[in-house]
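Undergrad: Take this sequence and fold it.
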Amino acid sequence: MNFLQTGYKGKNDAWMYVIMFFIVFIGSMIGQIPITVKAFFAADGDLQKFAKSGENSFADLGIDANLYLFLILLSFIVPLALFLLTVRGMHKKKITWIVSSRKKIDWSRFFFGVLIWGMLTILFLGSDIIPVSYTHLRAHET
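TA: Modelled structure (predicted):
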């Protein structure tokens, strides 16, 4: 059985996909509540300051960088968890059917993909950062 044929396993009624879409969408909204509440309290309840800081992703409110990262990631984790729950519960599909047509996930392929994307990311970020850093250093030498 190839990968596309695994899509026919489980329950595939169209209305289930519509319900699943709304569940994941609402989960996305719920996942954004913690960062919104934290930013509102960091703005001391001032709606104008809150709205103004929203233009630059609340960077000027002084929220700890690690907490900010966690709260932003939370807005993705909640919908992902709801997606996995609805696929498993409503559609009666295994998570491995979504990822692979094999019985088990091939972790060597997964880590190979992570390695390739990691190297590409480092290459592109490095090619963007190094010339800027070099120009910045040369400007301070004169």
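Undergrad: tell me the strands in this structure, going along the chain?
TA: For the chain, no strands are identified by DSSP state E.
Undergrad: Name the single longest helix found in the chain.
TA: Counting by DSSP state H, the longest helix found in the chain is helix 107-141.
Undergrad: Which positions within that helix qualify as buried?
TA: Within helix 107-141, no residue is scored as buried using 16 or more other Cβ atoms under 10 Å. The way it works is simple: take the backbone N, C-alpha and C, and place the C-beta from them, glycine included.
Undergrad: Ok, stretch 39-49 next?
TA: A39, F40, A42, A43, K49.
Undergrad: Nearest to S108 among those residues?
TA: Set against S108, the nearest of these by Cβ to Cβ is A39 (41.7 Å).
Undergrad: Identify the residue spatially nearest to that closest one, adjacent ones excluded.
TA: F58 (4.4 Å; Cβ to Cβ, 6 or more residues apart in numbering).
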